[in-house]
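Colleague: My questions concern the predicted model and sequence given below.
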Amino acid sequence: MAHHSDICIVGAGIGGLTCAARLAAAPSSNHLSIKVFDLNTHVGGRILSRKLDCGEIAELGAARYSPQLHPRFQALMHGFQHRHETYPFTQAEFQGHTQGRLRATLLELLCLLEAHPHDSFLGFVSHYLGEGEARRTIKAMGYDALLLPMVSASMAYGIIKKHPETQGLLDDTGNQWRYAPAGYGQLLARLQKQAQSDRVEFRMEHCLHSISRFGDSYLLAFSHRGSSQFHRARHLILAIPPSAMSRLNLGFPTRWSPHQYGSLPLFKGFLTFDTPWWRDLQLTDKVLVVDNPLRKLYFKGRKYVQFYTDGENATYWRDCVEQGEDVYLSKVRACMEQVLPLGGKPLPPIKDHFHKHWSHGVEFSLEPRVRQPGALLHRDGVIACSDAYTPHGGWMEGGLLSAHQATRLLQERLVGAPERRP
């Protein structure tokens, strides 16, 4: 026996939660039954907050936002009166290359960008500096993804401008950056509660395997704790990323979009200590970009040290973890001792640690100059939303923008045709 709903939303990240809350509150759909399914035990998707023993919140996923670049997310924070503070890591210290040298090089090359519309960033910089110096210059910024062939020169400059650690390299410091001291997880829990108060039902630990047409409805096949379940819905929104879409029987992306989509792995490692020894090194609330697998080291107040990597280095740390926690911690310590001015002393003992590897941490269109649709519409009526379909791929703002477009598409359909329950 299949379960039923008028509207089914698959995915309970920020996009799926926003779709559910908006549809439940809209006059055209607030009388309809809405159910949200997700693979995980909790809502949030790539937003994952963890509370430390000291009470500090560490973000294993999305960590910061800019009111200027991300107005929809700023409005969400304001709407829930969710407290924010200034994000401290906007003054990176670059090992090897001085900030002035990097800035001068990037600004000089920026004037030549239009002559290389199809070049990769590595190819573009190599054309003027030679490949060896180009690799050293790009790696000095701490984002290894900038070396990938899929990253065009224009895409790379967009990434540099839109990250707090690197925006100053292009003299673009007009964007403020903030974070939520209570955690984004709490914000999304409030969004879920709002949807539930409007009768939205959530069903967690449901893995979607396939979708088929069933008369004028859709039949979704899930697995849930080892058993198979079916759900029939009149309308369907897939609030899942392209990597998840490609695993379904929907011909993605060919039958959905003329664009192709890519992804990058991310890895975040967190370390706590008995004392904030980094104060003596004058590293409090600073980020240090280093030339080893740690790549970016963040020293958060008196609370913890975090490192963040992407691309091959994210895979490197995942492999270290798979070899065992002792191997992982040994390599972390060795890398930190290699780049920090400890005066020959060993790194203080690590009190606690945790980490998160995201195999598809950032997803985006491979054609950044093309105007993105916001949400995708399949010929049989299924709607898909993801930050990857927007100019804000990899940011919470993109999830909101896509969710708003997806709900608009569905509301237009609901207004134009009377509903029949499945």
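Modeller: Received it, and whenever you're ready, just let me know what you need. These numbers come from a predicted model, not from an experiment.
Colleague: any idea how far Lys356 is from Glu322?
Modeller: Plainly put, Lys356 is 14 Å away from Glu322 if you go by CB to CB, to the nearest Å. In short, each C-beta sits where N, CA and C put it, glycine included.
Colleague: Look at those two and report which has more neighbours.
Modeller: Lys356 (17 against 10; other CB atoms under 10 Å).
Colleague: Checking Tyr218 next. Helix, strand or coil?
Modeller: strand (DSSP: H, G, I helix; E, B strand; the rest coil).
Colleague: swap that for Ser212, sorry
Modeller: The assignment at Ser212 comes out as strand when based on three-state DSSP.
Colleague: The closest residue to it other than its chain neighbours: what's it in contact with?
Modeller: Spatial nearest neighbour of Ser212, chain neighbours left out: Leu219 (5.0 Å); criterion: CB to CB, 6 or more residues apart in numbering. Going by CB atoms under 8 Å, 6 or more residues apart in numbering, Leu219 touches Ala2, Ile211, Ser212, Arg213, Phe230, His231, Arg232.
Colleague: hang on, isn't the fourth one packed against Asp380?
Modeller: Read that as Arg213. Yes. Using CB atoms under 8 Å, Arg213 is in contact with Asp380, at 6.4 Å.
Colleague: Sketch out the low-pLDDT regions of the stretch 251-400 of the chain for me.
Modeller: Along the stretch 251-400 of the chain, segments meeting pLDDT under 70 span 368-370.
Colleague: let's see it at 80
Modeller: Under the criterion pLDDT under 80, the flagged ranges of the stretch 251-400 of the chain are 367-370.
Colleague: Quick one: the helices in it, in order.
Modeller: For the stretch 251-400 of the chain, helices defined by DSSP state H, counting those that start in this stretch occupy the ranges 311-322, 325-339, 396-416.
Colleague: Out of those, which is closest to Pro67?
Modeller: helix 396-416 (10.4 Å; CB to CB).
Colleague: What residues sit buried inside that closest one?
Modeller: The neighbour-count check on helix 396-416 (16 or more other CB atoms under 10 Å) flags 396-407, 409-411, 413-414 as buried.
Colleague: now swap in stretch 23-41 and tell me
Modeller: Counting neighbours by 16+ other CB under 10 Å, one finds that the buried residues in stretch 23-41 are 23-24, 26, 28-29, 32-39.
Colleague: What about those, which are in helices?
Modeller: Leu23, Ala24 (DSSP state H).
Colleague: what would the buried residues of stretch 23-41 look like in a markdown table with distance to Tyr143 and pLDDT?
Modeller: Listed next are these as a markdown table, based on distance: CB to CB, whole Å; pLDDT from 0 to 100:
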| residue | distance to Tyr143 | pLDDT |
| --- | --- | --- |
| Leu23 | 37 | 97 |
| Ala24 | 39 | 96 |
| Ala26 | 39 | 94 |
| Ser28 | 43 | 90 |
| Ser29 | 41 | 92 |
| Leu32 | 44 | 95 |
| Ser33 | 44 | 96 |
| Ile34 | 39 | 97 |
| Lys35 | 39 | 98 |
| Val36 | 34 | 98 |
| Phe37 | 34 | 98 |
| Asp38 | 30 | 98 |
| Leu39 | 28 | 97 |
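Colleague: Take the buried residues of stretch 23-41 and keep only those in strands.
Modeller: Secondary structure assignment by DSSP state E places Ile34, Lys35, Val36, Phe37 of these in strands.
Colleague: mind listing what the closest residue to Thr390 other than its chain neighbours touches?
Modeller: Spatial nearest neighbour of Thr390, excluding adjacent residues (CB to CB, 6+ apart): Gly398 at 4.1 Å. Gly398 makes contacts with Ser386, Asp387, Ala388, Tyr389, Thr390, Pro391, His392, as judged by CB under 8 Å, 6+ apart.
Colleague: The first one touches Ile237, doesn't it?
Modeller: No. Between Ser386 and Ile237 there is no contact under CB under 8 Å: 10.9 Å.
Colleague: if we can go back for a sec, ok, and the most crowded of the contacts of Leu219?
Modeller: Greatest neighbour count in the contacts of Leu219, by other CB under 10 Å, goes to His231: 24 neighbours.
Colleague: so that one sits in a strand?
Modeller: Yes. Per three-state DSSP, His231 lies within a strand segment.
Colleague: Got the confidence number for it?
Modeller: Here, the pLDDT recorded for His231 equals 96.
Colleague: can you pull the contacts of it?
Modeller: Contact analysis of His231 by CB under 8 Å, 6+ apart lists Ala2, His3, His4, Ser5, Cys8, Lys35, Phe37, Leu219, Leu220, Phe222.
Colleague: Lys356 bridge partners, please.
Modeller: Beta-bridge pairing for Lys356 (DSSP bridges): Lys268.
Colleague: Relative to Tyr298, how far out is it?
Modeller: 14 Å.
Colleague: How about Glu363?
Modeller: Going from Glu363 to Tyr298 by CB to CB gives 23 Å.
Colleague: can you check Gly226 too?
Modeller: Distance of Gly226 to Tyr298, given as CB to CB: 40 Å.
Colleague: same deal with Gln282?
Modeller: Between Gln282 and Tyr298 the computed distance is 15 Å (CB to CB).
Colleague: Look at the two and report which has more neighbours.
Modeller: Neighbour count, other CB under 10 Å: between Gln282 and Tyr298, Tyr298 has more, with 21 against 10.
Colleague: Just to check, Leu281 is in contact with Val339?
Modeller: No. Using CB under 8 Å, Leu281 makes no contact with Val339, being 11.2 Å away.
Colleague: Pro373 against Ser257, yeah?
Modeller: Yes. Using CB under 8 Å, Pro373 is in contact with Ser257, at 7.1 Å.
Colleague: what touches both of the two?
Modeller: Common neighbours of Pro373 and Ser257 (CB under 8 Å, 6+ apart) are Tyr389.
Colleague: Count the neighbours of His392 for me.
Modeller: Neighbours of His392 (other CB under 10 Å): 22.
Colleague: With that, I have no additional questions.
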